[in-house]
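Q: Return a 3D structure for these sequence lines:
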Amino acid sequence: MSATQSLKSLRDKPFELLRELERLARVALSGQGRGSAAEREWVGVAFRLSSENFLVAREETREVLGFPSVVTRVPGAKAWIRGIANVRGQLLPVVDLRAFLGGGMTNTGRSTRVLVANHREVPAGLLVDEVLGFRRFNDAEFSAVTPPTVARCDRYLAGAFRRGAESWPVFSLRSLLESDEFLQAAAS
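A: Numbering: from 1, shown residues only. As a prediction, this is how the structure comes out:
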């Protein structure tokens, strides 16, 4: 009997239902019931730049924000630095990722989001066209070969997940944030 059928049979017995839910949660947390490495799950945040979709590892992203209502321009910064925003009392540099990669400025709209990087030393919010939510993949769907992209971001890609005809390049925020090109934000 499947877990769903088991739970349905307990719908008139609330205490037993809660006990079974707890047991299933403990099994899921302990990793029991998982077979091979092919069943391990990778979770990432999907986002769109222009017409291309990318993934970033969940661990590399602290949060997703709407475009801040006030972004203060930084004099002497490169054009891809949109400015500084005050996010809950913390100053956050907002970087236009598409502009940084040479794809032109991002037009802000309802779907525009800021991916806040989870990095100890380099605080940054990356402006993207849209965040598409979480995507889950099995480790077996990963390929170290990166697909060709329109955005010039090959040096920041760390492989791709493939499912059917879809290919999801994995964008490494760590590689981006620690690159010399990114750290040189002062205009010449």
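Q: If the residue nearest to the spatial centre of the chain is in a bridge, with which residues?
A: In the chain, the residue lying closest to the centroid (CA atoms, centre = their mean) is Val45, at 2.8 Å. Beta bridges link Val45 to Val56, Phe134, judged by DSSP bridges.
Q: Verify the contact between it and Val128 for me.
A: No - assessed by CB atoms under 8 Å, Val45 is found out of contact with Val128, at 9.7 Å. C-beta here means a position set from N, CA and C on the backbone, and glycine is covered the same way.
Q: My reading is that Arg23 lies in a helix. Confirm?
A: Yes - counting by DSSP: H, G, I helix; E, B strand; the rest coil, Arg23 is found in a helix.
Q: if I look at it, how far off is Lys8?
A: 16 Å (CB to CB, to the nearest Å).
Q: Kindly report the same for Ala158.
A: For Ala158, the distance to Lys8 - CB to CB - is 42 Å.
Q: so who does the nearest residue to Ala144 once chain neighbours are set aside touch?
A: Using CB to CB, 6 or more residues apart in numbering and skipping residues adjacent in sequence, the residue nearest Ala144 is Gly159, 4.6 Å away. Applying CB atoms under 8 Å, 6 or more residues apart in numbering, we find Gly159 in contact with Phe142, Ser143, Ala144, Val145, Thr146, Pro169, Val170.
Q: and Gly159, helix, strand or coil?
A: strand.
Q: any idea how far it lies from Pro14?
A: 46 Å.
Q: List the residues that contact Val95.
A: Here Val95 is in contact with Trp80, Ile81, Arg82, Ala124, Gly125, Leu126, Leu127, Phe182 (criterion: CB under 8 Å, 6+ apart).
Q: element containing it, please.
A: Assigned by DSSP states H and E, Val95 falls within strand 90-96.
Q: and that strand, which residues are buried?
A: Neighbour-count burial for strand 90-96 flags Leu92, Pro93, Val94, Val95, Asp96 (criterion: 16 or more other CB atoms under 10 Å).
Q: In the protein, mark out all the helices, start to finish.
A: Ranges of helices in the chain, per DSSP state H, are 3-9, 14-30, 97-100, 173-177, 180-183.
Q: what do Val45 and Val128 both touch?
A: Both Val45 and Val128 are in contact with Leu115, where contact means CB under 8 Å, 6+ apart.
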